[in-house]
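Peer 1: Sequence and predicted model, in that order:
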Amino acid sequence: MSEYQFDRWLSEAAEAAVGKAELDLERTTVKAPFNAAVSVKSVDVGAQVAAGAELGWLVGTDEFWVEATVPVDQLKWLDVPGLNAQTGSRARVFNEAAWGPGVFREGV
């Protein structure tokens, strides 16, 4: 095999490896097994990572436990399960620092 043929063979092998890597990337999807929001991002988009590497931390979004201070004179407006209602009062939680202005989470 001549040096030219060897170089050509190396070039074709490298092109095939790039093509396989691009196809692998297209087929790569990272999904959480539950509804979640990213609370900590450990790597940037496009970074190379090993199998099993930590990509970040997720926080489930189906339920939250929120503690709030309510003035005594406002307690009459709250629904309390087992006391005066079947379910609790509907609440809106705002967190401008994390979610931006005007964005809120709402639930019972």
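Peer 2: Noted; the coordinates are in hand. What you see is a predicted model, and the numbers here were worked out from it, not measured in a lab.

Peer 1: got the domain boundaries for the protein?
Peer 2: Per the record, the chain has its domains at 1-30, 33-62, 64-108, by automatic domain parsing.

Peer 1: Reformat those domains into a markdown table and put mean pLDDT and mean neighbour count next to each item.
Peer 2: Yep, even glycine has a C-beta here, placed from its N, CA and C like the rest. Output for the domains of the chain, formatted as a markdown table (pLDDT from 0 to 100; neighbours: other C-beta atoms under 10 Å):
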| stretch | mean pLDDT | mean neighbour count |
| --- | --- | --- |
| domain 1-30 | 88 | 9 |
| domain 33-62 | 89 | 10 |
| domain 64-108 | 86 | 9 |
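
Peer 1: Now do the strands in the chain.
Peer 2: 36-41, 56-60, 91-94, 104-107 (DSSP state E).

Peer 1: Quick check: the residue nearest to residue 87 when sequence neighbours are not counted vs residue 56, distance?
Peer 2: Nearest non-adjacent residue to residue 87, counting by C-beta to C-beta, 6 or more residues apart in numbering: residue 108, 5.1 Å away. The gap separating residue 108 from residue 56 is 29 Å, by C-beta to C-beta, to the nearest Å.

Peer 1: Apart from its chain neighbours, what residue comes closest to residue 89?
Peer 2: Using C-beta to C-beta, 6+ apart, the closest residue to residue 89 is residue 79 (4.4 Å).

Peer 1: Can you read off the backbone torsions of that neighbour?
Peer 2: As for residue 79, its main-chain torsions (degrees, to the nearest 10) stand at phi -90, psi 130.

Peer 1: Show the contacting residues for it.
Peer 2: 85, 87, 88, 89 (C-beta atoms under 8 Å, 6 or more residues apart in numbering).

Peer 1: Show the contacting residues for the residue nearest to residue 36 when sequence neighbours are not counted.
Peer 2: Nearest residue to residue 36 in three dimensions, chain neighbours excluded: residue 58, at 3.9 Å (C-beta to C-beta, 6+ apart). Contacts were defined as C-beta under 8 Å, 6+ apart; by that measure residue 58 touches 32, 34, 36, 37, 38, 39.
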